[in-house]
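1. what's the 3D shape of this:
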Amino acid sequence: MKHALLTSAALVLMEAAGQSFAADLPAPIAPPVFTWTGLYVGFNSGFSWRNSANINTATNNVLDAGLIPGQWGAASAQGATGIVSSRLNGFMSGGQAGYNWQFSDKFVAGLEADIQAGGVNGGGGFHNVTATALDSATAQTNVSVNRRLDYLGTVRARLGYALTPATLVYATGGLAYGGVDLTTTIRQNLSPSLLFSKAAKGDLYENRAGWTVGAGLEYAFAPNLSGKIEYDYYDLGTAGSNAGQLAYTDIVTGAVRVADASSSSTRYNGHLIRAGLNYRLGGTAPNAADSGATPLFAAPQFIPAAPPAPGWQFTLTPYMWAMGLNGTTTTRGQTVDTNASFLDILTKSSSFPIAFMGHFEARNGPIALYTDLVFAQLRFAGSMLKQATRFPDLALSVDANAHLRATMGIVEAGGAYELARWTQSGAGDSFTAIDALGGLRYWNVSATMGFDVTGSVDSDSLGLSRVGSRANASSGSIQWIDPVIGFRLRQQVAAGDEFQFRGDIGGFGLGSKFSWQAFGGYSHEFKLAGLTFAGVVGYRALYADFSEGGGLNQKGLNAILHGPVAGISVPF
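-> This next block holds a predicted model:
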(Lines give C-alpha, C1' and ligand atoms only; values in the text may rest on other atoms or scores of the structure.)
Protein backbone atom coordinates (compact mmCIF):
# COMPACT_ATOMS: atom_id res chain seq x y z
CA MET A 1 0.00 0.00 0.00
CA LYS A 2 2.74 2.37 0.95
CA HIS A 3 4.64 1.46 -2.23
CA ALA A 4 1.59 2.19 -4.39
CA LEU A 5 1.13 5.61 -2.84
CA LEU A 6 4.75 6.51 -3.48
CA THR A 7 4.44 5.43 -7.15
CA SER A 8 1.30 7.51 -7.68
CA ALA A 9 2.93 10.57 -6.15
CA ALA A 10 5.94 10.22 -8.42
CA LEU A 11 3.75 10.01 -11.55
CA VAL A 12 1.84 13.13 -10.52
CA LEU A 13 5.08 15.04 -10.02
CA MET A 14 6.45 13.88 -13.40
CA GLU A 15 3.26 14.94 -15.22
CA ALA A 16 3.29 18.33 -13.52
CA ALA A 17 6.94 18.83 -14.42
CA GLY A 18 6.24 17.85 -18.03
CA GLN A 19 3.36 20.31 -18.29
CA SER A 20 5.52 23.04 -16.81
CA PHE A 21 8.35 22.28 -19.30
CA ALA A 22 5.92 22.20 -22.20
CA ALA A 23 4.50 25.55 -21.18
CA ASP A 24 7.99 27.05 -21.52
CA LEU A 25 8.38 25.84 -25.15
CA PRO A 26 7.37 28.20 -28.03
CA ALA A 27 4.19 27.34 -29.88
CA PRO A 28 4.82 25.39 -33.11
CA ILE A 29 5.03 27.56 -36.21
CA ALA A 30 2.07 27.07 -38.51
CA PRO A 31 3.06 26.06 -42.04
CA PRO A 32 2.60 28.84 -44.61
CA VAL A 33 -0.58 28.96 -46.66
CA PHE A 34 0.19 29.06 -50.38
CA THR A 35 -2.01 29.91 -53.35
CA TRP A 36 -1.32 30.45 -57.04
CA THR A 37 -4.13 32.99 -57.23
CA GLY A 38 -3.16 36.49 -58.26
CA LEU A 39 -1.73 38.75 -60.93
CA TYR A 40 1.79 38.22 -62.21
CA VAL A 41 4.25 39.77 -64.65
CA GLY A 42 7.48 38.38 -66.00
CA PHE A 43 9.86 37.84 -68.89
CA ASN A 44 10.85 34.89 -71.03
CA SER A 45 13.45 33.80 -73.54
CA GLY A 46 13.52 30.80 -75.84
CA PHE A 47 14.15 29.25 -79.23
CA SER A 48 11.74 28.81 -82.13
CA TRP A 49 12.09 26.43 -85.04
CA ARG A 50 10.13 25.73 -88.18
CA ASN A 51 7.35 23.26 -88.85
CA SER A 52 6.65 23.94 -92.55
CA ALA A 53 9.79 24.28 -94.66
CA ASN A 54 8.72 25.27 -98.17
CA ILE A 55 8.75 28.69 -99.78
CA ASN A 56 7.02 28.43 -103.17
CA THR A 57 7.73 30.78 -106.06
CA ALA A 58 5.49 30.63 -109.14
CA THR A 59 5.98 32.64 -112.34
CA ASN A 60 3.64 33.14 -115.31
CA ASN A 61 4.55 34.65 -118.62
CA VAL A 62 2.29 37.58 -119.57
CA LEU A 63 4.07 38.90 -122.66
CA ASP A 64 6.23 37.15 -125.27
CA ALA A 65 6.79 39.42 -128.28
CA GLY A 66 10.39 38.79 -129.20
CA LEU A 67 11.78 38.62 -132.72
CA ILE A 68 10.72 34.96 -132.76
CA PRO A 69 7.20 34.83 -131.21
CA GLY A 70 6.97 32.37 -128.31
CA GLN A 71 10.75 31.92 -128.06
CA TRP A 72 11.38 33.13 -124.52
CA GLY A 73 8.14 33.18 -122.52
CA ALA A 74 7.83 29.53 -121.46
CA ALA A 75 11.51 29.13 -120.58
CA SER A 76 11.61 32.42 -118.67
CA ALA A 77 8.56 31.49 -116.55
CA GLN A 78 9.72 27.91 -115.96
CA GLY A 79 13.17 29.01 -114.89
CA ALA A 80 11.73 31.37 -112.26
CA THR A 81 9.44 28.73 -110.74
CA GLY A 82 10.58 26.50 -107.87
CA ILE A 83 10.50 25.49 -104.22
CA VAL A 84 13.03 26.37 -101.54
CA SER A 85 13.34 24.40 -98.30
CA SER A 86 13.97 27.06 -95.68
CA ARG A 87 14.46 27.20 -91.97
CA LEU A 88 12.49 29.59 -89.75
CA ASN A 89 14.62 29.40 -86.63
CA GLY A 90 15.99 31.78 -84.03
CA PHE A 91 15.91 33.05 -80.49
CA MET A 92 13.08 35.20 -79.11
CA SER A 93 12.73 37.16 -75.86
CA GLY A 94 9.82 39.10 -74.42
CA GLY A 95 7.46 39.58 -71.54
CA GLN A 96 4.18 38.24 -70.21
CA ALA A 97 1.42 39.13 -67.79
CA GLY A 98 -1.43 37.04 -66.50
CA TYR A 99 -3.84 36.14 -63.77
CA ASN A 100 -4.30 32.78 -61.99
CA TRP A 101 -7.26 31.52 -59.99
CA GLN A 102 -6.77 28.46 -57.77
CA PHE A 103 -9.92 26.45 -57.06
CA SER A 104 -10.98 23.03 -55.74
CA ASP A 105 -7.75 22.85 -53.77
CA LYS A 106 -5.31 21.83 -56.53
CA PHE A 107 -6.72 23.16 -59.83
CA VAL A 108 -5.52 26.46 -61.32
CA ALA A 109 -7.19 28.36 -64.18
CA GLY A 110 -5.71 31.48 -65.70
CA LEU A 111 -5.33 33.87 -68.61
CA GLU A 112 -1.94 35.00 -69.95
CA ALA A 113 -0.85 37.43 -72.65
CA ASP A 114 2.70 37.71 -73.95
CA ILE A 115 4.73 39.22 -76.76
CA GLN A 116 8.28 38.52 -77.85
CA ALA A 117 10.63 39.34 -80.71
CA GLY A 118 14.03 38.26 -81.96
CA GLY A 119 15.92 36.86 -84.90
CA VAL A 120 13.59 34.16 -86.24
CA ASN A 121 14.30 33.90 -89.98
CA GLY A 122 15.45 31.71 -92.81
CA GLY A 123 15.77 31.54 -96.55
CA GLY A 124 17.54 30.07 -99.54
CA GLY A 125 17.36 30.00 -103.29
CA PHE A 126 17.61 28.01 -106.50
CA HIS A 127 19.36 28.31 -109.87
CA ASN A 128 18.00 27.10 -113.19
CA VAL A 129 19.28 27.01 -116.76
CA THR A 130 16.21 26.41 -118.95
CA ALA A 131 16.43 25.67 -122.64
CA THR A 132 14.10 27.29 -125.15
CA ALA A 133 12.71 25.79 -128.35
CA LEU A 134 16.02 26.79 -129.94
CA ASP A 135 18.72 24.55 -128.44
CA SER A 136 21.30 27.29 -128.34
CA ALA A 137 19.13 29.73 -126.34
CA THR A 138 18.63 29.48 -122.57
CA ALA A 139 17.03 31.37 -119.69
CA GLN A 140 19.54 31.54 -116.83
CA THR A 141 17.75 32.24 -113.55
CA ASN A 142 18.77 32.82 -109.96
CA VAL A 143 16.03 33.16 -107.29
CA SER A 144 16.60 34.02 -103.63
CA VAL A 145 13.84 34.08 -100.99
CA ASN A 146 13.85 34.97 -97.32
CA ARG A 147 11.19 34.84 -94.63
CA ARG A 148 11.15 36.32 -91.14
CA LEU A 149 8.97 36.29 -88.03
CA ASP A 150 9.49 39.75 -86.56
CA TYR A 151 7.41 39.27 -83.44
CA LEU A 152 5.05 36.72 -81.94
CA GLY A 153 2.38 37.29 -79.31
CA THR A 154 -0.31 35.15 -77.74
CA VAL A 155 -3.40 35.51 -75.58
CA ARG A 156 -3.98 32.12 -73.95
CA ALA A 157 -6.09 30.35 -71.39
CA ARG A 158 -4.25 28.11 -68.92
CA LEU A 159 -5.60 25.15 -66.95
CA GLY A 160 -3.27 23.45 -64.51
CA TYR A 161 -2.94 21.02 -61.64
CA ALA A 162 -0.72 21.58 -58.60
CA LEU A 163 1.29 18.40 -58.11
CA THR A 164 2.65 19.98 -54.93
CA PRO A 165 1.89 23.40 -53.52
CA ALA A 166 4.94 24.76 -55.32
CA THR A 167 4.74 22.74 -58.57
CA LEU A 168 2.18 23.44 -61.27
CA VAL A 169 1.74 21.58 -64.56
CA TYR A 170 -0.60 23.12 -67.10
CA ALA A 171 -2.00 23.01 -70.62
CA THR A 172 -2.51 26.23 -72.56
CA GLY A 173 -3.99 27.44 -75.84
CA GLY A 174 -5.62 30.39 -77.58
CA LEU A 175 -4.93 33.23 -79.99
CA ALA A 176 -1.55 33.78 -81.65
CA TYR A 177 -0.57 36.89 -83.62
CA GLY A 178 2.62 38.05 -85.25
CA GLY A 179 4.37 40.14 -87.87
CA VAL A 180 5.73 38.21 -90.87
CA ASP A 181 8.01 39.28 -93.70
CA LEU A 182 8.64 37.56 -97.06
CA THR A 183 11.11 38.85 -99.67
CA THR A 184 11.84 37.52 -103.15
CA THR A 185 14.53 38.54 -105.65
CA ILE A 186 14.61 37.10 -109.19
CA ARG A 187 17.54 37.71 -111.54
CA GLN A 188 17.44 36.30 -115.04
CA ASN A 189 19.35 36.54 -118.28
CA LEU A 190 18.06 35.51 -121.71
CA SER A 191 21.01 34.41 -123.81
CA PRO A 192 21.84 35.09 -126.51
CA SER A 193 19.61 38.13 -126.97
CA LEU A 194 19.48 41.92 -126.90
CA LEU A 195 16.82 41.82 -124.15
CA PHE A 196 17.58 43.12 -120.67
CA SER A 197 15.64 43.18 -117.40
CA LYS A 198 16.48 44.45 -113.98
CA ALA A 199 15.92 42.12 -111.03
CA ALA A 200 12.32 41.51 -109.97
CA LYS A 201 11.88 42.20 -106.26
CA GLY A 202 8.94 41.59 -103.98
CA ASP A 203 8.53 42.26 -100.28
CA LEU A 204 5.57 41.45 -98.04
CA TYR A 205 5.05 42.56 -94.46
CA GLU A 206 1.85 41.45 -92.79
CA ASN A 207 0.35 41.31 -89.31
CA ARG A 208 -1.34 37.92 -89.05
CA ALA A 209 -3.51 36.11 -86.53
CA GLY A 210 -3.72 32.37 -85.87
CA TRP A 211 -3.77 29.92 -83.01
CA THR A 212 -1.46 28.28 -80.49
CA VAL A 213 -1.48 25.31 -78.11
CA GLY A 214 1.09 24.08 -75.60
CA ALA A 215 1.98 22.88 -72.12
CA GLY A 216 4.30 23.89 -69.32
CA LEU A 217 5.71 23.38 -65.83
CA GLU A 218 5.99 26.19 -63.27
CA TYR A 219 7.72 26.05 -59.88
CA ALA A 220 7.51 28.65 -57.08
CA PHE A 221 10.96 28.71 -55.46
CA ALA A 222 11.06 32.03 -53.60
CA PRO A 223 8.57 34.47 -52.11
CA ASN A 224 6.39 35.69 -54.97
CA LEU A 225 8.84 34.37 -57.57
CA SER A 226 8.37 31.37 -59.85
CA GLY A 227 10.16 29.94 -62.86
CA LYS A 228 8.61 28.14 -65.79
CA ILE A 229 9.48 26.13 -68.86
CA GLU A 230 6.91 26.01 -71.64
CA TYR A 231 6.41 24.52 -75.09
CA ASP A 232 4.05 26.11 -77.65
CA TYR A 233 3.07 25.27 -81.20
CA TYR A 234 1.85 28.25 -83.25
CA ASP A 235 0.25 28.59 -86.69
CA LEU A 236 -0.22 31.96 -88.38
CA GLY A 237 -1.35 30.48 -91.68
CA THR A 238 -0.03 31.03 -95.21
CA ALA A 239 1.10 34.41 -96.50
CA GLY A 240 1.77 35.24 -100.13
CA SER A 241 3.08 38.24 -102.02
CA ASN A 242 3.60 39.64 -105.50
CA ALA A 243 7.26 38.90 -106.23
CA GLY A 244 7.51 41.60 -108.86
CA GLN A 245 7.92 41.56 -112.62
CA LEU A 246 10.67 40.58 -114.98
CA ALA A 247 10.26 43.08 -117.85
CA TYR A 248 12.69 42.59 -120.74
CA THR A 249 13.40 45.70 -122.80
CA ASP A 250 14.98 45.64 -126.26
CA ILE A 251 18.16 47.68 -125.76
CA VAL A 252 17.96 48.90 -129.37
CA THR A 253 14.32 50.01 -129.62
CA GLY A 254 13.46 50.39 -125.91
CA ALA A 255 10.30 48.33 -126.35
CA VAL A 256 9.24 45.76 -123.78
CA ARG A 257 9.31 42.35 -125.46
CA VAL A 258 8.99 39.78 -122.66
CA ALA A 259 7.32 40.13 -119.26
CA ASP A 260 6.71 37.68 -116.39
CA ALA A 261 4.68 38.05 -113.18
CA SER A 262 5.85 36.15 -110.10
CA SER A 263 4.49 35.41 -106.65
CA SER A 264 5.84 33.69 -103.53
CA SER A 265 4.06 32.06 -100.60
CA THR A 266 4.95 30.23 -97.41
CA ARG A 267 3.33 29.03 -94.20
CA TYR A 268 4.33 30.59 -90.90
CA ASN A 269 4.06 27.91 -88.25
CA GLY A 270 6.51 26.40 -85.83
CA HIS A 271 7.52 25.35 -82.36
CA LEU A 272 8.66 27.52 -79.45
CA ILE A 273 10.29 26.35 -76.24
CA ARG A 274 11.08 28.96 -73.63
CA ALA A 275 11.99 29.52 -70.01
CA GLY A 276 10.75 32.44 -67.96
CA LEU A 277 10.43 34.08 -64.57
CA ASN A 278 7.18 35.40 -63.07
CA TYR A 279 6.77 37.83 -60.20
CA ARG A 280 3.42 37.40 -58.47
CA LEU A 281 1.78 40.55 -57.16
CA GLY A 282 0.23 39.29 -53.94
CA GLY A 283 -0.19 35.85 -52.45
CA THR A 284 2.43 33.88 -50.55
CA ALA A 285 5.13 31.55 -51.76
CA PRO A 286 6.22 28.41 -49.95
CA ASN A 287 8.86 28.96 -47.31
CA ALA A 288 9.28 26.05 -44.93
CA ALA A 289 12.70 26.98 -43.52
CA ASP A 290 11.40 28.07 -40.09
CA SER A 291 9.15 25.13 -39.37
CA GLY A 292 10.23 22.40 -41.71
CA ALA A 293 6.57 21.85 -42.49
CA THR A 294 5.26 21.21 -45.99
CA PRO A 295 3.32 24.22 -47.34
CA LEU A 296 -0.41 23.69 -47.37
CA PHE A 297 -2.82 23.87 -50.25
CA ALA A 298 -5.45 26.48 -49.54
CA ALA A 299 -8.30 28.15 -51.28
CA PRO A 300 -7.62 31.90 -51.59
CA GLN A 301 -9.37 34.14 -49.10
CA PHE A 302 -10.71 37.19 -50.91
CA ILE A 303 -11.80 40.28 -49.05
CA PRO A 304 -13.73 43.08 -50.78
CA ALA A 305 -11.42 46.09 -50.88
CA ALA A 306 -12.57 49.52 -49.83
CA PRO A 307 -14.39 51.14 -52.76
CA PRO A 308 -12.84 54.18 -54.44
CA ALA A 309 -13.56 57.43 -52.67
CA PRO A 310 -16.48 59.48 -54.02
CA GLY A 311 -15.88 62.90 -55.51
CA TRP A 312 -14.25 63.84 -58.77
CA GLN A 313 -10.52 63.31 -59.13
CA PHE A 314 -8.64 64.41 -62.23
CA THR A 315 -5.36 63.24 -63.76
CA LEU A 316 -3.48 64.72 -66.73
CA THR A 317 -0.66 62.66 -68.24
CA PRO A 318 1.51 64.10 -71.03
CA TYR A 319 3.58 61.23 -72.39
CA MET A 320 5.96 60.20 -75.13
CA TRP A 321 5.21 57.16 -77.27
CA ALA A 322 8.35 56.08 -79.13
CA MET A 323 6.37 54.40 -81.87
CA GLY A 324 7.52 52.25 -84.72
CA LEU A 325 5.30 51.16 -87.60
CA ASN A 326 4.97 47.76 -89.23
CA GLY A 327 2.46 47.19 -92.01
CA THR A 328 1.23 48.65 -95.28
CA THR A 329 0.08 52.08 -96.40
CA THR A 330 -1.87 52.59 -99.65
CA THR A 331 -2.28 55.82 -101.59
CA ARG A 332 -3.66 56.18 -105.13
CA GLY A 333 -3.71 52.40 -105.45
CA GLN A 334 0.00 52.12 -104.66
CA THR A 335 1.02 50.16 -101.56
CA VAL A 336 4.29 50.21 -99.65
CA ASP A 337 5.39 47.91 -96.83
CA THR A 338 6.86 49.67 -93.82
CA ASN A 339 9.04 47.90 -91.29
CA ALA A 340 10.55 50.43 -88.93
CA SER A 341 11.25 50.64 -85.21
CA PHE A 342 11.47 53.97 -83.43
CA LEU A 343 15.28 53.72 -83.58
CA ASP A 344 15.04 53.26 -87.36
CA ILE A 345 12.92 56.39 -87.60
CA LEU A 346 15.43 58.35 -85.52
CA THR A 347 18.55 57.18 -87.32
CA LYS A 348 17.38 56.61 -90.92
CA SER A 349 14.74 59.30 -91.41
CA SER A 350 15.50 62.49 -93.26
CA SER A 351 13.89 64.56 -90.47
CA PHE A 352 13.23 64.19 -86.77
CA PRO A 353 9.77 62.76 -86.00
CA ILE A 354 7.23 65.22 -84.63
CA ALA A 355 4.97 63.83 -81.92
CA PHE A 356 2.66 64.87 -79.10
CA MET A 357 0.62 62.64 -76.82
CA GLY A 358 -1.58 63.19 -73.77
CA HIS A 359 -4.10 61.35 -71.63
CA PHE A 360 -6.79 62.84 -69.36
CA GLU A 361 -8.98 60.94 -66.91
CA ALA A 362 -11.71 62.02 -64.50
CA ARG A 363 -12.88 59.53 -61.85
CA ASN A 364 -15.74 59.62 -59.38
CA GLY A 365 -16.08 56.43 -57.36
CA PRO A 366 -16.38 53.49 -59.78
CA ILE A 367 -17.05 55.71 -62.81
CA ALA A 368 -14.30 57.19 -64.98
CA LEU A 369 -14.27 59.29 -68.15
CA TYR A 370 -11.14 59.51 -70.27
CA THR A 371 -9.70 60.93 -73.47
CA ASP A 372 -6.41 60.21 -75.22
CA LEU A 373 -4.67 62.19 -77.96
CA VAL A 374 -1.87 61.10 -80.29
CA PHE A 375 -0.35 63.27 -83.02
CA ALA A 376 2.70 62.14 -84.98
CA GLN A 377 4.43 62.96 -88.26
CA LEU A 378 6.81 60.25 -89.44
CA ARG A 379 9.02 59.83 -92.49
CA PHE A 380 10.19 56.52 -93.95
CA ALA A 381 12.62 55.68 -96.75
CA GLY A 382 15.43 53.35 -97.75
CA SER A 383 15.55 49.98 -95.98
CA MET A 384 12.50 50.89 -93.87
CA LEU A 385 10.25 50.88 -96.95
CA LYS A 386 9.51 48.43 -99.75
CA GLN A 387 7.23 48.90 -102.73
CA ALA A 388 4.50 46.25 -102.57
CA THR A 389 2.52 46.95 -105.76
CA ARG A 390 3.91 47.80 -109.15
CA PHE A 391 2.81 50.52 -111.51
CA PRO A 392 1.12 49.29 -114.68
CA ASP A 393 3.79 51.08 -116.74
CA LEU A 394 6.48 48.39 -117.15
CA ALA A 395 9.27 50.86 -117.85
CA LEU A 396 8.56 52.44 -114.50
CA SER A 397 8.08 49.24 -112.56
CA VAL A 398 11.61 47.99 -113.16
CA ASP A 399 12.99 50.59 -110.74
CA ALA A 400 10.80 52.44 -108.24
CA ASN A 401 12.13 53.25 -104.78
CA ALA A 402 9.58 54.64 -102.34
CA HIS A 403 9.49 57.43 -99.76
CA LEU A 404 6.63 57.94 -97.34
CA ARG A 405 5.53 60.80 -95.10
CA ALA A 406 2.67 59.87 -92.78
CA THR A 407 0.80 62.26 -90.51
CA MET A 408 -1.51 60.68 -87.94
CA GLY A 409 -4.00 62.09 -85.49
CA ILE A 410 -5.72 59.62 -83.16
CA VAL A 411 -8.29 60.77 -80.57
CA GLU A 412 -10.02 58.37 -78.21
CA ALA A 413 -12.82 59.18 -75.79
CA GLY A 414 -14.80 56.85 -73.57
CA GLY A 415 -15.83 55.72 -70.15
CA ALA A 416 -14.91 53.02 -67.65
CA TYR A 417 -16.81 51.34 -64.84
CA GLU A 418 -15.15 49.42 -62.03
CA LEU A 419 -16.72 45.96 -62.00
CA ALA A 420 -14.89 44.57 -58.98
CA ARG A 421 -12.19 45.41 -56.45
CA TRP A 422 -10.72 42.93 -54.00
CA THR A 423 -7.71 42.09 -51.90
CA GLN A 424 -6.36 38.95 -50.26
CA SER A 425 -5.96 38.25 -46.58
CA GLY A 426 -2.77 39.84 -45.26
CA ALA A 427 -2.09 41.70 -48.52
CA GLY A 428 -1.80 45.14 -46.85
CA ASP A 429 -2.43 48.09 -49.16
CA SER A 430 -2.50 45.97 -52.30
CA PHE A 431 -5.69 45.35 -54.24
CA THR A 432 -6.86 44.20 -57.67
CA ALA A 433 -9.53 46.01 -59.71
CA ILE A 434 -11.15 45.31 -63.08
CA ASP A 435 -12.73 48.04 -65.21
CA ALA A 436 -14.98 47.61 -68.25
CA LEU A 437 -14.20 50.11 -71.03
CA GLY A 438 -16.16 51.46 -73.96
CA GLY A 439 -15.80 54.40 -76.30
CA LEU A 440 -14.87 55.72 -79.74
CA ARG A 441 -11.48 56.07 -81.44
CA TYR A 442 -11.12 58.62 -84.24
CA TRP A 443 -8.35 58.27 -86.83
CA ASN A 444 -7.14 60.90 -89.28
CA VAL A 445 -4.28 59.75 -91.49
CA SER A 446 -2.69 61.47 -94.47
CA ALA A 447 0.13 59.92 -96.47
CA THR A 448 2.30 61.17 -99.31
CA MET A 449 4.43 58.73 -101.26
CA GLY A 450 7.33 59.64 -103.49
CA PHE A 451 8.79 57.22 -106.04
CA ASP A 452 12.21 57.56 -107.67
CA VAL A 453 11.39 56.47 -111.22
CA THR A 454 13.24 55.58 -114.39
CA GLY A 455 11.73 55.53 -117.85
CA SER A 456 8.63 57.32 -119.01
CA VAL A 457 5.43 57.31 -117.02
CA ASP A 458 1.94 58.52 -117.77
CA SER A 459 1.60 60.44 -114.50
CA ASP A 460 -1.91 61.72 -115.11
CA SER A 461 -3.46 58.33 -115.77
CA LEU A 462 -1.77 56.97 -112.62
CA GLY A 463 -2.95 59.87 -110.47
CA LEU A 464 0.65 60.98 -109.87
CA SER A 465 2.34 64.34 -109.98
CA ARG A 466 5.75 64.19 -111.68
CA VAL A 467 8.65 66.41 -110.58
CA GLY A 468 11.90 65.47 -112.32
CA SER A 469 12.74 61.88 -111.39
CA ARG A 470 10.23 61.84 -108.51
CA ALA A 471 6.58 60.81 -108.90
CA ASN A 472 4.36 61.69 -105.94
CA ALA A 473 1.08 60.07 -104.85
CA SER A 474 -0.94 61.85 -102.17
CA SER A 475 -3.80 60.19 -100.33
CA GLY A 476 -5.29 63.33 -98.92
CA SER A 477 -6.89 62.73 -95.56
CA ILE A 478 -8.53 59.43 -94.71
CA GLN A 479 -10.56 59.34 -91.54
CA TRP A 480 -12.81 56.94 -89.69
CA ILE A 481 -14.27 56.25 -86.25
CA ASP A 482 -14.03 52.89 -84.52
CA PRO A 483 -16.28 51.80 -81.67
CA VAL A 484 -14.09 50.08 -79.05
CA ILE A 485 -14.78 47.81 -76.08
CA GLY A 486 -12.31 46.35 -73.63
CA PHE A 487 -11.13 45.96 -70.07
CA ARG A 488 -8.49 47.35 -67.75
CA LEU A 489 -6.82 45.44 -64.92
CA ARG A 490 -5.22 47.50 -62.14
CA GLN A 491 -2.99 45.91 -59.51
CA GLN A 492 -1.86 48.17 -56.66
CA VAL A 493 1.10 46.51 -54.96
CA ALA A 494 1.57 49.29 -52.40
CA ALA A 495 0.26 52.79 -51.83
CA GLY A 496 1.36 54.81 -54.87
CA ASP A 497 2.68 51.81 -56.86
CA GLU A 498 0.44 50.28 -59.51
CA PHE A 499 0.65 47.94 -62.49
CA GLN A 500 -1.93 48.44 -65.21
CA PHE A 501 -2.88 46.27 -68.17
CA ARG A 502 -5.38 47.28 -70.82
CA GLY A 503 -6.79 45.61 -73.91
CA ASP A 504 -9.54 46.55 -76.35
CA ILE A 505 -10.91 45.61 -79.75
CA GLY A 506 -12.92 47.68 -82.19
CA GLY A 507 -13.91 48.58 -85.71
CA PHE A 508 -16.12 45.56 -86.44
CA GLY A 509 -16.62 46.84 -90.00
CA LEU A 510 -18.35 50.00 -88.78
CA GLY A 511 -15.15 52.04 -89.13
CA SER A 512 -12.10 49.93 -89.84
CA LYS A 513 -12.40 46.24 -90.61
CA PHE A 514 -10.84 45.51 -87.24
CA SER A 515 -8.61 47.16 -84.67
CA TRP A 516 -7.06 46.29 -81.34
CA GLN A 517 -4.94 47.88 -78.64
CA ALA A 518 -2.79 46.53 -75.81
CA PHE A 519 -0.96 48.42 -73.07
CA GLY A 520 1.02 47.33 -70.05
CA GLY A 521 2.69 49.72 -67.65
CA TYR A 522 3.83 50.65 -64.16
CA SER A 523 3.35 53.91 -62.24
CA HIS A 524 5.11 55.18 -59.13
CA GLU A 525 4.13 58.22 -57.11
CA PHE A 526 6.72 60.75 -55.93
CA LYS A 527 6.72 64.21 -54.43
CA LEU A 528 8.44 67.27 -55.85
CA ALA A 529 8.23 70.75 -54.34
CA GLY A 530 5.38 69.57 -52.13
CA LEU A 531 3.35 68.31 -55.10
CA THR A 532 2.50 64.71 -55.92
CA PHE A 533 3.35 63.29 -59.33
CA ALA A 534 3.51 59.80 -60.80
CA GLY A 535 6.06 58.51 -63.26
CA VAL A 536 4.66 56.12 -65.86
CA VAL A 537 6.56 53.63 -68.04
CA GLY A 538 5.16 50.91 -70.25
CA TYR A 539 4.66 49.52 -73.75
CA ARG A 540 1.78 50.20 -76.13
CA ALA A 541 0.63 48.59 -79.37
CA LEU A 542 -2.24 49.81 -81.58
CA TYR A 543 -3.42 48.11 -84.79
CA ALA A 544 -5.94 49.07 -87.46
CA ASP A 545 -7.00 47.67 -90.84
CA PHE A 546 -8.84 50.31 -92.87
CA SER A 547 -9.34 50.66 -96.63
CA GLU A 548 -11.62 52.64 -98.93
CA GLY A 549 -11.98 53.10 -102.65
CA GLY A 550 -10.65 50.86 -105.39
CA GLY A 551 -8.15 50.82 -108.22
CA LEU A 552 -6.18 54.05 -108.47
CA ASN A 553 -8.51 55.61 -105.89
CA GLN A 554 -7.75 53.04 -103.19
CA LYS A 555 -6.22 54.29 -99.98
CA GLY A 556 -5.85 52.77 -96.56
CA LEU A 557 -3.76 51.62 -93.63
CA ASN A 558 -3.09 48.10 -92.38
CA ALA A 559 -0.44 48.50 -89.73
CA ILE A 560 0.54 48.21 -86.10
CA LEU A 561 1.98 51.16 -84.19
CA HIS A 562 4.04 50.03 -81.23
CA GLY A 563 6.77 51.13 -78.87
CA PRO A 564 7.69 52.10 -75.30
CA VAL A 565 5.78 54.78 -73.40
CA ALA A 566 7.04 57.19 -70.73
CA GLY A 567 5.16 60.04 -69.07
CA ILE A 568 4.37 62.06 -65.95
CA SER A 569 0.91 62.06 -64.36
CA VAL A 570 -0.29 65.22 -62.61
CA PRO A 571 -3.30 64.74 -60.29
CA PHE A 572 -5.47 67.74 -59.43
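2. May I have the beta-bridge partners of residue 210?
-> On the basis of DSSP bridges, residue 210 is bridged to residue 176.
3. Verify the contact between it and residue 180 for me.
-> No. Using CB atoms under 8 Å, residue 210 is not in contact with residue 180; the gap is 10.3 Å. C-beta: built from backbone N, CA, C; applies to glycine.
4. Tell me which of the two has more neighbours.
-> More crowded of residue 210 and residue 180, by other CB atoms under 10 Å: residue 180, with 23 against 16.
5. residues contacting the more buried one?
-> 147, 148, 149, 150, 204, 205, 206, 208, 236, 239, 268 (CB atoms under 8 Å, 6 or more residues apart in numbering).
6. follow-up on the earlier one: give me the common contacts of residue 210 and residue 180.
-> 236, 268.
7. Just the ones of the contacts of residue 180 in strands?
-> 147, 148, 149, 150, 204, 205, 206, 208, 236, 239, 268 (DSSP state E).
8. Pipe the residues you listed into JSON lines and attach distance to residue 539 and neighbour count per row.
-> Converted to JSON lines, the ones in strands among the contacts of residue 180 look like this (distance: CB to CB, whole Å; neighbours: other CB atoms under 10 Å):
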{"residue": "147", "distance to residue 539": "26", "neighbour count": "26"}
{"residue": "148", "distance to residue 539": "21", "neighbour count": "19"}
{"residue": "149", "distance to residue 539": "19", "neighbour count": "27"}
{"residue": "150", "distance to residue 539": "15", "neighbour count": "18"}
{"residue": "204", "distance to residue 539": "26", "neighbour count": "23"}
{"residue": "205", "distance to residue 539": "20", "neighbour count": "24"}
{"residue": "206", "distance to residue 539": "22", "neighbour count": "21"}
{"residue": "208", "distance to residue 539": "20", "neighbour count": "16"}
{"residue": "236", "distance to residue 539": "21", "neighbour count": "23"}
{"residue": "239", "distance to residue 539": "25", "neighbour count": "18"}
{"residue": "268", "distance to residue 539": "23", "neighbour count": "28"}
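9. nearest to residue 367, of those?
-> The nearest member of the ones in strands among the contacts of residue 180 to residue 367, counting by CB to CB, is residue 208 at 37.8 Å.
10. Name the next helix or strand following the helix or strand of the chain with the lowest mean pLDDT along the chain.
-> Using mean pLDDT, DSSP states H and E, helix 394-397 stands out as the lowest-scoring helix or strand of the chain, at a mean of 34. Proceeding N to C from helix 394-397, the next assigned helix or strand is strand 400-424, under DSSP states H and E.
11. Can you give the strand pairings for that following strand, parallel or anti for each?
-> strand 302-304 (antiparallel), strand 367-381 (antiparallel), strand 431-453 (antiparallel).
12. On the three-state scheme, residue 69 is what?
-> Following DSSP: H, G, I helix; E, B strand; the rest coil, the label given to residue 69 is coil.
13. And the strands paired with strand 400-424: which comes nearest residue 37?
-> strand 302-304 (8.3 Å).
14. next structured bit after that closest one?
-> strand 312-321.
15. mind listing what's buried in that following strand?
-> When burial is assessed from 16 or more other CB atoms under 10 Å, strand 312-321 yields the following buried residues: 315, 317, 319, 321.
16. Now pLDDT and distance to residue 530 too, for the residues you listed, in a markdown table please.
-> Output for the buried residues of strand 312-321, formatted as a markdown table (pLDDT from 0 to 100; distance: CB to CB, whole Å):
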| residue | pLDDT | distance to residue 530 |
| --- | --- | --- |
| 315 | 96 | 18 |
| 317 | 97 | 20 |
| 319 | 96 | 23 |
| 321 | 92 | 30 |
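17. Let me know the closest of the residues you listed to residue 176.
-> Nearest member of the buried residues of strand 312-321 to residue 176, counting by CB to CB, is residue 321, at 25.1 Å.
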